[in-house]
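Asker: no FASTA, just this:
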């Protein structure tokens, strides 16, 4: 069962200057959209939550998943699923290996893991794509593999950093719907950082606009 | 003219290697009439194989070379996996960069001064902790299994492999890969090994081969730290090549060919290891294991890097101290007094050696840089990259063991009437300097945005003007660094300088090894220091060349 | 000469094929390069302005300084420039000359004068790679050489020099001990073995084929072989095993009690001396009877070190300078060789503060002023008087050294 993602009085400063702050709880299945033009530091919120904040920034406040304080944990123990502008599929792994890489280690047995990979791919209409190389996929296919890779790692929440901005218009809407549908299906809290109002509208959740 | 550059460059690098190999192969096949060998036969090989302890020597070369290379590689890789992006990592990177310029012989002397039973470490502990009033009878330096030699090679190769790895990281998209893997729950070492290493390894593979070939055929480090009963193969070969009994020359040549085979065999073993590692890697990726003994790997690799870097630095400091030491008897931790006596006594000889060293290195570097730039500019104008085909060729002079072709090369220069000249020595150095200069220059050059050139062309600049006014200024920092590296490589050459120069061309490196025979620690200190200071000076000069990025920053600050 | 030149042609052809089209070195010697030491005025005239490349072991700073001094004198007196090419092993020089021969270089060679003796000399002499006919006995200073009492100056490891090398100095094996740790050193090899057994790890010798290491082997061989006269002849392969059996029996008992249990060896004599200086070993040895005094003067050994010899004598020999067949500056090399024989140069060389190498001259035959140069020398606190040095055991035939080194290597350096 998933829990809410809570930004508890998070404030990020750069060289003593206030950059951005957020004090909100994102409920399971809810999408919180953070809007604003580029350069205002909205991505630093995401980096802070994920544990990648550049040391030039200073951050106050806590990030929690339910009652679990994530702030002090190393990135790999936070279990927050990240989607970037680029799908970032590992070029040295096949499509199937990219998914298998994300499956929890507790899922034992070669057959069961391969079955899980097959199910995940079929889930986004890519059944039988296991042995394909990422470079041979279309943009939409890559985005779908990247999504399933994040989801199969069973994250506590999703952090989306302008994940649709590099897709062409026709594809963008389709992937957007898919991502939000999958997140809702799994009851994941989602933090979406974007400068595209259409993203916010499609998300249908609350919007924090720094614009 | 420009179109000839690639051919000329390859000829300068590979011509001497090929010719030298032939010059070694003929006597190996028994064919040197002037020494009484007129028929092609396997007799030299048979003689070589029946030498007492030859199997042990070969096994030593193979094992020390493989273990040292693997040890250095593993330390560097696991350390980078565990610490990339941390302040500790950046600190060590700054520390190791200058150590790359330290010649092997100097590093080996430093290590010996540190860890020998009469060395500094034992002096520090004696007699209060050990009770030793005299050095203990411990077989540390020159142990029969070559462990100390392996350690010395490891310490020396770590800075090289580390910097090659760090340079290749941006091309492997290391930062974002690690973040994706971390968000999927992978701990740092596991994340790096599964997502960065497979992509970065192809970039450092040839440097690893070069290290492997070097470590399996090294002479100078083996002379200083290696076993002698029996010594590794290359040391015995060098001795036979210089044996007054002339018939040994055939056997030595057959041995040199065997050495070539041995180094290639080591590479073959390594390639098998690569295959195995790739298989295991696939299994790991499929299993989804999220950690790789994270704390242990971090602790071990961190300790190994700090200790080896520390040992090298301490060794170098000891060289400096010995060069100004008065009487310094065991177990005194410090010399009785300091004196410049050794320096003043040898200032004149040292000055000559420095002048010769620079006189060889400077023209070599200028020509190497010119050739490399000509090749790269030619490539830019043609708009095609030949890197994948030419890269292994570039590494060839670094992968063929020196001893296998330098002897043949010596005879060649004699035939051409070029022996003993600075020119011949410079040509010999060129074989080794060119690849390094080319490697150091090619990536930064290819990274220059081609659109600058297109814009310049659109503004009416001729290709020549575009080169001089646009691309070259953009690459000047890289040119300076490549030149410094080339200089360092030239300074460090021992075997080619000695054999091709006929002993008349005395550089600081040949002087250091010749004087080392006398065992005088003050002198060893002086020449080993000079060996280091020359490349350091070159790198300092290179560091003073402002890069374009710096100028931008300065301008931005000025306008802000 | 012609035959070798013909034989070398195929090699040249093959190398040429390798080098594509590199030009050949000039083949014929030029007539003006022939010099006759009997016509010394002509030699001096030809030598003026020449540069002599003197290939000499460069591991001892004191010797390098001495050679530099000789170079300055030649520059001042005869307008000859001397460049010392510091080599770490004279065998390299032999290799060099051979390579030049292989490449057909009959003149203008890299080596003008080489410091040499023993095996290296025999190699070059047998291969016809030395300047001939013999020239040493025609040098102006030759009459001063003490051929009668120092037979080693004309017989190098039982090989007659035939005037193809000129004596430079004498060497005799002497042992050193630090009186601070060892007051009564062993006087025989048997006592040495007992001492080692009682004090493990405190004795060693440089690893053969290092010259000093091989000399120690010869010392043991000369002491243990049943019939010492065999050593003046080439090795008899049939009896070699039996001849050296007592030697190896001795070493077999000694090695386990040596420094590093005989599993590692210092690589040369200065390294051995350094071990004595560091207190790692109690006994070292040198071929220079004044070596200990000189090292004390230079601060390389503590002043408590003294010299001793073994009862029954120790190995002694002479060292020489030779001119290769294709030397570029033969006249200059002759002048340098002659200068090195002068009473002035010889006396300076014998001064322990400079070098400490015994002279090859007959001091009593010198003119009073020159004799005074020698008698005025302070030989140093650790140098034995000529009487104390004891009898000389002559060097065995060079073939013994080759075979000993081979047998030693097979037995101890090839586990």
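Answerer: Sure, I can see it. Note that the structure is predicted; figures quoted are calculated from it, not measured. Residues are numbered from 1 along each chain as shown, chains lettered A, B, ... in the order given.

Asker: Going along the chain, name the helices of the stretch 151-300 of chain B.
Answerer: B:174-183, B:188-191, B:197-216, B:220-225, B:233-241, B:248-287, B:294-323 (DSSP state H, counting those that start in this stretch).

Asker: do the first one and chain A meet?
Answerer: Yes - under the criterion of Cβ under 8 Å from any Cβ of the partner chain, chain A is reached by helix B:174-183 at B:176-177, B:179-183. In short, each C-beta sits where N, CA and C put it, glycine included.

Asker: One more: the third one?
Answerer: Yes - contact of helix B:197-216 with chain A is found when judged by Cβ under 8 Å from any Cβ, involving B:198-199.

Asker: which other helices and strands contact that helix?
Answerer: helix B:54-83, helix B:147-168, helix B:248-287, helix B:387-399 (3 or more Cβ pairs under 8 Å, 6 or more residues apart in numbering or on different chains; DSSP states H and E).

Asker: If I take the next helix or strand after the last one and helix B:197-216, what angle do their directions form?
Answerer: Remark: after helix B:387-399, the chain's next helix or strand is helix B:402-415, criterion DSSP states H and E. With axes from the mean of the first three to the mean of the last three Cα atoms, to 10 degrees defining the directions, helix B:402-415 sits at 60 degrees from helix B:197-216.

Asker: now helix B:402-415: mean pLDDT?
Answerer: Average pLDDT, helix B:402-415: 78.

Asker: okay but residue B:13 is in contact with residue B:437, surely?
Answerer: No - using Cβ atoms under 8 Å, residue B:13 makes no contact with residue B:437, being 10.6 Å away.

Asker: Grab the nearest non-local neighbour of residue 166.
Answerer: Using chain A. What sits nearest to residue A:166 in space, not counting adjacent residues and going by Cβ to Cβ, 6 or more residues apart in numbering or on different chains, is residue A:85, at 5.1 Å.

Asker: nope, chain C
Answerer: residue C:136 (3.9 Å).

Asker: from memory that neighbour sits against residue C:168, does it?
Answerer: No - judged on Cβ under 8 Å, residue C:136 makes no contact with residue C:168 at a distance of 10.5 Å.

Asker: Compare the two (neighbour count), which wins?
Answerer: Remark: of residue C:136 and residue C:168, residue C:136 carries more neighbours, 26 against 23, as counted by other Cβ atoms under 10 Å in any protein chain shown.

Asker: Right, and chain C sits closest to which residue of chain A?
Answerer: residue A:92 (43.0 Å; Cβ to the nearest Cβ).

Asker: just so I have it, where are all the helices in chain C?
Answerer: Here chain C has its helices, by DSSP state H, at C:2-19, C:40-47, C:61-78, C:90-102, C:118-126, C:189-198, C:211-224, C:237-254, C:269-277, C:291-297, C:330-341, C:343-350, C:368-375, C:398-412.

Asker: Of the ones you listed, which is nearest residue B:64?
Answerer: Evaluated over the helices of chain C, closeness to residue B:64 peaks at helix C:398-412, with 20.4 Å, by Cβ to Cβ.

Asker: Now that closest one: buried residues?
Answerer: C:398-409, C:412 (16 or more other Cβ atoms under 10 Å in any protein chain shown).

Asker: do stretch B:528-541 as well
Answerer: Result for stretch B:528-541 [16+ other Cβ under 10 Å]: buried residues B:528-535, B:538-539.

Asker: Show the model's pLDDT score for the residue of the stretch 151-300 of chain C found nearest chain B.
Answerer: Minimum separation of the stretch 151-300 of chain C from chain B (Cβ to the nearest Cβ) falls at residue C:201, amounting to 3.4 Å. pLDDT for residue C:201: 94.

Asker: ok, and the closest non-adjacent residue to residue C:171?
Answerer: residue C:287 (4.0 Å).

Asker: isn't that neighbour right up against residue C:215?
Answerer: Yes - with contacts counted by Cβ under 8 Å, residue C:287 reaches residue C:215, the gap being 6.7 Å.
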